[in-house]
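Participant: The sequence isn't on hand, but the structure is:
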């Protein structure tokens, strides 16, 4: 088996890395580093995944290339490179050498030519090269033993292109890419090609004739306007082909092949200097755990200030005075042997990391000053913060494995984060800290489940899955595993010979596109829906149900970027509510004797937040008058009276209303409403003409996000948005949509978080908060107190925060969660 090598298109990857990370990343000395960090992180990831013998980077010539001399307009019209990226490019070659990475360039030639030549050289050495680049020109280098790794919308979405997969997508040999570009041109390189010939036509021509030469030799077989276009731009076609053809015969003197290794001492030193501490290795000293002297611990606890706590393995590590100890799991900090709360002053300062789900309710109920640094970090940036990341930014090194070394700087880390959240410190104290208690209480409360209902539904779904599986075998004439995407792909595209514009993928979007082409498609979709319910909900219900008749999902306060809760085992956040089976699963949540299930759901919370943020008068008036927002939107847009609005009018308005929040473009709206793009553009234009306050706010939000690199929610929680500085319109527009959406959905998350904190004060064994799903709180309430307590919860939700429009909730009560 051949050894592998990765050949990297240096600037291509550096540019993508730059636009995938926040521009504010800097080294301790103030140098911008986001592109360099993203570049080396990608290489490190690829090295771990593919384990190549070496990684080599190719760079563009510093002097003009032969293509630029022959065609001065070559690559003209590209957007100007941002200054902070130019600064990193100037240091890029030095950086590569400091990382111990071989890099090559050839005067007068592009990196593509260098990569093509390196691939040939390595093949002769019996090494299989894989080229890392998104440049289409490099597809021509693919042959037996040479492949391409290209990233998708995100730099982390990597796709391997081989000789076989290329042919499956294009229908002609990869060596004909220059012929292909001769026909279609390349706007990024400013190559015209043949005017009016697109990729679809070019593919058909090359599939039929094989090459540009053969196309023109058989030009008389081609008729109509297509023939005229080809004849008119023949010279352009051949010129573009020439410029697109790579030189794979450059003389490159390679050094001795060396592996990619970031652990070299010199490399480690440079990484530390640049603040790239996630790559810095730390000497791991084994932590010795001796038999604990609990009496000594109690003495230290009573006289120490502050006490510091971090999760360690399956227990805790704690530092009190000069003593660092790690209790065994069964003798944790709140067990009878130690009982932390009995040996500390109530006003003692307790600093920890990731205290949620680990006795956080005891900590906060017993002590006044409890600080969870993970919660701090989440306010500063709504990503999933790690201790290692925080440590690296603060101290330029990885967090040590030995807890005693972490504790040395824990107070300093807390003080630094304190400074960063100074503006929203009051919010942290009033909302974030008590919210962690509310979440932990919900984790410990559990959800009552009717096991008989679950088992009944389990049998039903298993029977339906088996029946559908038999029907699929009968329809197709083949036996296959319906849970295997690979086997389904082979069945549809190789055995049944179906054609799809999505290639050989079998995701839901691709299957929906194939509906009507073969009866098995409907059966595959049906089977997947049934099996998903069975595997994701029914089986976990049975598996996780405790002896007390409840299941105990884990709710994660840091699980989503918007700030909404995430849950697992099972994931209630994605429980379907529109399907019959989805409603049957919800019915399995059943109140105990003498209790009821109560759902209190915010009404149109996202649109109310949008009205508040945009201050659009028409939208605000709708909510102030307590009118149906979708019907009124339709009425305003269509200039009809409310009673004249049809169900279809309301449906269109509803789609547009939510589409505005989620940044839906004309193409997506056209697809959802089943109308043409011209009409969908007109609908969006019409909406903004009537609700121009919304349009103005969206523009201002995008401008602010582009300026700062982040957005803030109602409560000041930040989220940094990747891709805002991208030169790719697609990536930039996607990032701007996220910025708008985060303000709205993040604001909604702030509201329900505040409501949970207010309600948590009233909870008891007769009034339990058992579930939060999006904008809905679900309670398990004793029938003897239901009216008073539910009214209090309703008031807490509607008065969570004073907005420019009233908040409203819908209340539903029953013995089962079947609303």
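Facilitator: That came through fine. If you're wondering where the values come from, they're calculated on a predicted model, not measured in any experiment.
Participant: and residue 88, what does it touch?
Facilitator: Residues in contact with residue 88 (Cβ atoms under 8 Å, 6 or more residues apart in numbering) are 14, 18, 31-36. Heads up, the C-betas are built off the backbone N, CA and C, glycines and all.
Participant: One more: residue 261?
Facilitator: By Cβ under 8 Å, 6+ apart, the contact set of residue 261 is 100, 267.
Participant: do residue 551 as well
Facilitator: 446-447, 449, 540-541, 544-545, 569-570.
Participant: re earlier: for residue 655, state which of the contacts of residue 88 is nearest.
Facilitator: residue 18 (35.7 Å; Cβ to Cβ).
Participant: The helix or strand containing the closest one - contacts with which helices or strands?
Facilitator: Here residue 18 sits within helix 10-20, counting by DSSP states H and E. Under the contact criterion of 3 or more Cβ pairs under 8 Å, 6 or more residues apart in numbering; DSSP states H and E, helix 10-20 touches helix 34-50, helix 83-90, helix 92-98, helix 111-124.
Participant: which residues sit against that helix?
Facilitator: Here helix 10-20 makes contact (Cβ under 8 Å, 6+ apart) with 34-39, 41-42, 57-60, 82, 85, 88-89, 92, 96, 103, 111, 132-135, 151, 154-156, 722-723, 725-728, 731.
Participant: So the protein: which segments form each domain?
Facilitator: 1-170+250-280, 172-246, 294-420, 450-544, 606-742 (automatic domain parsing).
Participant: just for the stretch 551-700 of the chain, where's the confidence low?
Facilitator: When residues are selected by pLDDT under 70, none of them lie in the stretch 551-700 of the chain.
Participant: Assign residue 772 to helix, strand or coil.
Facilitator: Secondary structure state of residue 772, per DSSP: H, G, I helix; E, B strand; the rest coil, is strand.
Participant: Just give the nearest non-adjacent residue to it, would you?
Facilitator: Nearest non-adjacent residue to residue 772, counting by Cβ to Cβ, 6 or more residues apart in numbering: residue 565, 5.3 Å away.
Participant: wait, isn't the one you found in contact with residue 573?
Facilitator: Yes. Using Cβ atoms under 8 Å, residue 565 is in contact with residue 573, at 7.4 Å.
Participant: which one of the two has more residues nearby?
Facilitator: More crowded of residue 565 and residue 573, by other Cβ atoms under 10 Å: residue 565, with 25 against 18.
Participant: Distance of that one relative to residue 544?
Facilitator: Using Cβ to Cβ, to the nearest Å, we find residue 565 at a distance of 18 Å from residue 544.
Participant: How far away from the center of its chain is stretch 435-451?
Facilitator: What separates the centre of stretch 435-451 from the centre of its chain is 27 Å, taken as Cα atoms, centre = their mean, to the nearest Å.
Participant: biggest helix in the chain by residues?
Facilitator: Of all segments of type helix in the chain, defined using DSSP state H, the longest is helix 729-760.
Participant: Could you point out which residue ranges in the stretch 701-819 of the chain have low pLDDT?
Facilitator: Under the criterion pLDDT under 70, the flagged ranges of the stretch 701-819 of the chain are 727-728.
Participant: what are the phi and psi angles of the most centrally placed residue in the chain?
Facilitator: For the chain, the residue nearest the mean C-alpha position is residue 561 (8.7 Å; Cα atoms, centre = their mean). Dihedral pair for residue 561: phi -70, psi -30, per degrees, to the nearest 10.
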